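J.: just need the structure, nothing else, for what follows:
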Amino acid sequence: MKGKSPFIASLRRNMRLRGYSIRTEKTYVHWILDYIRYHRLRHPKDMCKEDVIKYLEYLVNDRHVSMNTQRIALNSIAYLYNKFLDQPLGRFDFIKSARPRQLPTVLSLQETKTILSLLTGVHRLAVELMYGSGLRVSECLRIRIQDIDFTANSILIRNSKGNKDRVTLLSSSIHARLKKQISDALKLQEIDNTEGVGPSMPHSIGKKYSTAFRNPGWMFVFPSTTISKHPVNGKLCRHHLHQTVIRKALKRALAKTDIRKRVTCHTFRHTFATHLLKNGTDIRTVQELLGHSDVKTTQIYTHVIGQHYAGTNSPLDLINEVPSVYT
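T.: As a prediction, the model looks like this:
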């Protein structure tokens, strides 16, 4: 079964009707196709719970995937049966991946400052937003002008992981450069509008309000340098900057440093959380800023800083406060 089969096309339409993001759609289609191929192209409706269990255990035993990867595969297949085929799987047991979740890589303040100093223009601004606001690179690049509130120093993140919205911090230190970037984006929108083109719109909004692309609020803060076709309706539009642009710029900057850690765009989100906790920010606040559904996910950062909870010090630090009997 190929990615362009009628079955997969119908699957994609179903996800779009439910408001799933393009990113989620691609992920789910990938794992559903992998599941189908594993079972030698049998149609999912002709398979059952035991076939799902066999596949999930194959991922662990033969492909040695991590716990998170196995969970993503399970979520994809659960959507397939529970929502698309309307054949609920119910509860079932299977071998879960034993590969432990690794602690995330984080940067020190000095390392963060060093990397930022080697970035320029939109590359630096994007990385500063990821670090200063705790954003994923996809969330950062999807920001539209209407999502930024300079007065409240906040950013509204729409349709993030789990299809949720959240509000996070905006550093006042980048106001001037961010306003300049917005001004440049608006000038580009004006030029595009003369050609009947504008920023790519959410499908439902673009369909209901045909001229919404002319509204300055819908313009991306980080617009792409090229015009492309909308992935859903095929209309010409200007999407946001591609993630690879930021990743390549970051890679070039890292090559000029002596930092030997594995640093990615996501490292700055990890570093945001870790630095907040280290400075005494309440873990529930950090959880909300990151958009985690469960505080247990946020608690991993307390292990990164060597403190199960922010503000808890090693007992060795207290020894110096106790007078020695030999002095």
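
J.: which non-adjacent residue is nearest M130?
T.: Ranked by CB to CB, 6 or more residues apart in numbering and with sequence neighbours excluded, the top spatial neighbour of M130 is F268, at 4.1 Å. Where C-beta positions appear, they are placed from N, C-alpha and C, glycine not excepted.

J.: and the strand or helix carrying the one you found, what does it pack against?
T.: Using DSSP states H and E, F268 maps to helix 265-278. Under the contact criterion of 3 or more CB pairs under 8 Å, 6 or more residues apart in numbering; DSSP states H and E, helix 265-278 touches helix 109-117, helix 121-133, helix 243-254, helix 283-290, helix 300-304.

J.: switch the cut-off to 6 Å
T.: helix 121-133, helix 283-290, helix 300-304 (3 or more CB pairs under 6 Å, 6 or more residues apart in numbering; DSSP states H and E).

J.: out of those helices, nearest to K83?
T.: Closest to K83 of those is helix 283-290 (CB to CB; 26.7 Å).

J.: and the spatially most central residue of the chain, how far from R214?
T.: In the chain, the centroid-proximal residue (CA atoms, centre = their mean) is R136; its distance is 4.1 Å. As judged by CB to CB, to the nearest Å, R136 and R214 stand 29 Å apart.

J.: and if you look at P88?
T.: 44 Å.

J.: looking at these two, which is more packed in?
T.: Using other CB atoms under 10 Å, the more surrounded residue of P88 and R214 is R214, with 16 against 11.

J.: measure the more buried one to E195 for me?
T.: In terms of CB to CB, R214 sits 12 Å off from E195.

J.: neighbours of L74, just the number please.
T.: Neighbour count for L74, taken as other CB under 10 Å: 18.

J.: wait, I meant G121
T.: Look at G121: counted by other CB under 10 Å, it has 10 neighbours.

J.: what does S173 give?
T.: Quick note: S173 (other CB under 10 Å) scores 10 neighbours.

J.: once you drop chain neighbours, what's closest to it?
T.: G132 (7.7 Å).

J.: count the residues that sit near that neighbour.
T.: Neighbours of G132 (other CB under 10 Å): 19.

J.: is it true that it touches S171?
T.: Yes: judged on CB atoms under 6 Å, G132 makes contact with S171 at a distance of 3.9 Å.

J.: so which residues of the stretch 51-200 of the chain form strands?
T.: 148-149, 154-160, 164-169 (DSSP state E, counting those that start in this stretch).

J.: and those, which is most packed in?
T.: Of the strands of the stretch 51-200 of the chain, the one with the most neighbours on average (mean count of other CB atoms under 10 Å) is strand 154-160, at a mean of 18.

J.: walk me through which strands that strand pairs with, and which way each runs.
T.: Here strand 154-160 is paired, per DSSP bridges, with strand 148-149 (antiparallel), strand 164-169 (antiparallel).
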